[in-house]
Structures are given as structure tokens and as C-alpha cells.
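# Have a look; sequence and predicted model below, questions after that.
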Amino acid sequence: MDIVIEEEQWSYVCFERGEEIFLTYLVQTGPAMVDYTVKLNTNEIASIKSGMYKAKSLVGSFDSSRFVKPAIWPQK
């Protein structure tokens, strides 16, 4: 089972799966809604866990080379 760290319905979810932390978010492009997942690096994880940053502040700031394909969602 995954552990949700932070989420906003219909926007994003930051969750822990095993020893990795992922951020999955939705982006509206025209009539379509697209989901993207990024595996967070150690600096991003530390910033979120310490409360320095909210996961929401990271949404949309990633290079496409960091996307996990296909996007993944937490298993609750």
C-alpha cells in the first residue's frame, strides 16, 4: 500500500511507494486532461518532508526527461 504525503483532488498527489516518492499531477491541454508522474530526487524529498516546500510548488517544473511513463497513481 502507498502512503499519501500530500494531495489536492483533481490536481496532484505526492506519495511514497517503498523507498521512493512520486508526484503525479494533472494538466489540462485543450479538451484533454493529461497526467504526469515524476520520481522525486533526494533534495526535493528533503524539502517536502521538512516542510520547506509543498509538493504543489513543484508541479509543472520538471523536464520531460524525468517523467515516469506510464503515469502512476497511489494504491489506497
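Cool, got the structure.

# Specify the beta-bridge partners of the spatially most central residue of the chain.
Nearest to the mean C-alpha position of the chain, by CA atoms, centre = their mean, lies Leu23 at 0.9 Å. Beta-bridge pairing for Leu23 (DSSP bridges): Cys14, Val38.

# Help me confirm that it comes into contact with Tyr53.
No - using CB atoms under 8 Å, Leu23 is not in contact with Tyr53; the gap is 11.3 Å. The way it works is simple: take the backbone N, C-alpha and C, and place the C-beta from them, glycine included.

# What's the mean pLDDT across stretch 38-48?
Taken as a whole, stretch 38-48 has a mean pLDDT of 95.

# who's in contact with that stretch?
5-6, 14, 20-24, 52-55, 58, 62, 66-68 (CB atoms under 8 Å, 6 or more residues apart in numbering).

# If we use 6 Å, what do you get?
20-23, 53, 55, 62, 66, 68 (CB atoms under 6 Å, 6 or more residues apart in numbering).

# Equivalent analysis for stretch 8-25, please.
Residues outside stretch 8-25 that contact it (CB under 6 Å, 6+ apart): 2-7, 36-40, 45, 55, 59, 71, 73-74.

# ChimeraX command to pick out the buried ones of the residues you listed?
This is the ChimeraX syntax for the buried subset of these, where burial follows 16 or more other CB atoms under 10 Å:
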select :2,5,36,37,38,39,40,45,55,59,74
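
# Keep only those of the contacts of stretch 8-25 that are in strands.
3-7, 36-39 (DSSP state E).

# And the residue nearest to the centre of the chain, how close does it get to Ser50?
16 Å (CB to CB, to the nearest Å).

# Can I take it that Ser65 is in a helix?
Yes - counting by DSSP: H, G, I helix; E, B strand; the rest coil, Ser65 falls inside a helix.

# And for it, the neighbour number?
By other CB atoms under 10 Å, the residues close to Ser65 number 5.

# now, the most widely separated pair of the ones in strands among the contacts of stretch 8-25?
Pairwise distances across these (CB to CB) peak at 20.3 Å, for the pair Ile3 and Tyr36.
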